[in-house]
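> fold the following for me, if possible:
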Amino acid sequence: MLLNDALNLPFKQSEVDFLIPNLKEDLNLYVDPFLFYKSKNPEFNEVHTLLRKFFEIAIQEITKGNKKVARRMLSFPEVKETMLGLSVGDHAGRGLGKSRGTIIYDEIISNKDIQQYGISHIAEMQLLIEGVGYDMVSDMCTNIAKSFFIRYTQAQCNMHNIPMEKGICIEHVFDWDELDWDDQHEDLPINPFNDSPFLLVPKTVLRRFEEIDYKDFWNSTYRYMLREIETEKSIKAIGKVPKITWKQINEKYNFSKKTVVEVLHEKPELKRIYLAKKEKEQTSAVSLDAVEGTDLRRNTADELKKELSQINPGNKDAKKYESLMIRILKLLFSPQLDDPHPQVKTIDGREIIDITFYNYADSGFWNDIKIKHGSNIIPIELKNMKDLNNEEFFQISSRLNEDIGLFGILISRENDGLDIQRAYRRLNREKKVIINLTDKDILTLLDNYQNGLSKTMYINQVYRKFMEEA
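So this is what the prediction gives:
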């Protein structure tokens, strides 16, 4: 039973930033902390920084002799609130936080390389400990960064009208002042089937298997070294380059996790070589189309156009309009524009931007906007009204600056050509670009999407028109 079906919510997976959870069974996916590191989004990078800081503190506490503090810190129970993993029929989890943490603690106190160089990526624990797999790496990440997932869930619920209950107790949240775990009371959504809180997870940090993995280390790095050793032996023995298969290498050197663990304890420099290599490689999240139980349905352009037609202009339906437009923009411009944030305060805290999208593009129209106008963030104002005037343009104009960028989008139900021309002239003097999209433009964009046309062709034309008329 998917969240949107259980609560009769209109969105589909392609229209939201988070994984739509199954409220009755776990989805076979895991949080990969390496994807936080590889993200272009600074907010996601901060999560990776937080993970490193956690283990730096734990190692420091061990060094200072505060072993009880470190033991308490290294407690990682299964995070049932995310509804990820392999549990079938419920989200009970195993509750083995202390015993799972003990193997991490034992590794840290016995591993001189970790004490000297620290832990760059918590997934490297998979390479060093036989009892650690990608499920535990996922749980370590989610436990340590649970405050991030709480904030993220609250933002998504507010954005997509997912009901929350006030003051719900969520367990095992890390207190950075006390260096200990504690319960916390937060506004959170509740699973109607078991009355437990749940957390939403960005789909861009999910995988079926972790990026950093003992099998990947063997296949991408170590077996090549072994083949080179065998080749040199054969050249010395028979005077020519032999044909050596991967099967022969695997069998001779006993490919297994135990073997990898032993090798990396004996030669820790190989781990650092492997991690440096992974940091330079391109990586991406899982395609949800390949994961059983996820929401593969899509709203058609006609269904979304019908939803728009049923929203009346005016303040009464402003929240409905905002929620629908966020879904439509996500559908139209993802993955180049992604991770929408609603009701974002400006730097001075005095003004609110209706919605911002992070600009992930590294080619095409949105990358051009990033380069020309400094727009890593795309601010969008949503006006559920027909009569625009200079005030609406100048409102979003005041949000644009060198920090956020000089490009914005104003979306309204209709517009007036004369008001737009006057606004364009003033914006041009300030070197700011604000393109106005109306219902008519949105309908055209949806039709183009439905017909498989370029997602940016039409908006590029609107942008060019602004530049020519300004």
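
> next helix or strand past the lengthiest helix in the chain?
When the chain is parsed with DSSP state H, its longest helix is helix 42-63. Using DSSP states H and E, the helix or strand that follows helix 42-63 towards the C-terminus is helix 67-73.

> how about that following helix as PDB, C-alpha atoms only?
Extracted C-alpha coordinates of helix 67-73, given in PDB (Å, rounded to 0.1, in the frame of the first residue of the first chain):
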ATOM      1  CA  LYS A  67      35.600   4.600  25.700                       C
ATOM      2  CA  LYS A  68      32.100   4.600  27.300                       C
ATOM      3  CA  VAL A  69      31.200   7.700  25.400                       C
ATOM      4  CA  ALA A  70      32.400   6.200  22.100                       C
ATOM      5  CA  ARG A  71      30.500   2.900  22.800                       C
ATOM      6  CA  ARG A  72      27.300   4.800  23.300                       C
ATOM      7  CA  MET A  73      27.900   6.800  20.200                       C
END
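
> list the buried residues of it.
69-73 (16 or more other CB atoms under 10 Å). Using the backbone N, CA and C atoms, a C-beta is placed for each residue, glycine as well.

> tell me which residues are up against the next helix-or-strand element following that helix.
Remark: after helix 67-73, the chain's next helix or strand is helix 97-110, criterion DSSP H and E. Contact partners of helix 97-110, identified using CB atoms under 8 Å, 6 or more residues apart in numbering, comprise 55, 58-59, 62, 67, 70-71, 73-77, 114-115, 125, 128-129, 131-132, 136, 139-140, 172.

> can I have the buried ones of those residues as a PyMOL selection?
Here is the PyMOL command that selects the buried residues among those (16+ other CB under 10 Å):
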select buried, resi 55+58+59+62+70+71+73+74+75+76+77+114+125+128+129+132+136+139+140+172
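
> on that earlier part again, in a markdown table, list the buried residues of helix 67-73 along with distance to residue 100 and pLDDT.
Formatted as a markdown table, these follow (distance: CB to CB, whole Å; pLDDT from 0 to 100):
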| residue | distance to residue 100 | pLDDT |
| --- | --- | --- |
| 69 | 18 | 96 |
| 70 | 15 | 95 |
| 71 | 12 | 94 |
| 72 | 14 | 94 |
| 73 | 13 | 95 |
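
> ok, now which ones touch residue 40?
If you count contacts by CB under 8 Å, 6+ apart, then residue 40 has 358, 360 around it.

> quick one, phi/psi of it?
Main-chain dihedrals, residue 40, degrees, to the nearest 10: phi -80, psi -10.

> would you quantify the distance from it to residue 262?
Noted for residue 40: a distance of 37 Å to residue 262, by CB to CB, to the nearest Å.

> cool, residue 106 as well?
16 Å.

> one more: residue 50?
Where residue 262 is concerned, residue 50 sits at a distance of 31 Å (CB to CB).

> same deal with residue 462?
Residue 462 is 61 Å from residue 262, by CB to CB.

> and what of residue 359?
45 Å.

> so how far does stretch 238-253 reach from one end to the other?
Stretch 238-253 has its terminal residues 21 Å apart, counting by CA to CA, to the nearest Å.

> for stretch 272-289, that is, sorry about that
End-to-end for stretch 272-289, by CA to CA: 34 Å.

> out of residue 50 and residue 262, which sits in the busier spot?
Between residue 50 and residue 262, counting by other CB atoms under 10 Å, residue 50 is the more crowded of the two (18 against 13).

> residue contacts, that one?
Contacts of residue 50 by CB under 8 Å, 6+ apart are 144-145, 148.

> in CSV, list the residues you listed along with pLDDT and distance to residue 342.
Below are those laid out as CSV (pLDDT from 0 to 100; distance: CB to CB, whole Å):
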residue, pLDDT, distance to residue 342
144, 97, 26
145, 97, 21
148, 97, 17
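
> assign a three-state SS to residue 186, would you?
Secondary structure state of residue 186, per DSSP: H, G, I helix; E, B strand; the rest coil, is strand.

> tell me if I'm right that it and residue 149 touch.
No - using CB atoms under 8 Å as the test, residue 186 is too far from residue 149 to be in contact (10.6 Å).

> the two: which has the busier surroundings?
Shown here are residue 186 and residue 149; by other CB under 10 Å, residue 149 has more neighbours (23 against 19).

> where does pLDDT dip in the chain?
86-97, 344-351, 416-429, 470 (pLDDT under 70).

> tell me the domain ranges of it?
Here the domain parsing of the chain from automatic domain parsing is 3-207, 214-280, 301-469.

> which of those domains sits closest to residue 288?
Proximity to residue 288 (CB to CB) singles out domain 3-207 among the domains of the chain, at 6.4 Å.

> distance between the ends of that closest one?
So domain 3-207: terminal residues 20 Å apart, CA to CA.

> what distance do you get for the nearest residue to residue 286 once chain neighbours are set aside to residue 257?
Nearest non-adjacent residue to residue 286, counting by CB to CB, 6 or more residues apart in numbering: residue 207, 4.9 Å away. The gap separating residue 207 from residue 257 is 18 Å, by CB to CB.

> please apply the same query to residue 288.
With CB to CB as the criterion, residue 288 and residue 257 are 28 Å apart.

> cool, and residue 50?
For residue 50, the distance to residue 257 - CB to CB - is 28 Å.

> equivalent analysis for residue 336, please.
On the measure of CB to CB, residue 336 and residue 257 end up 39 Å apart.
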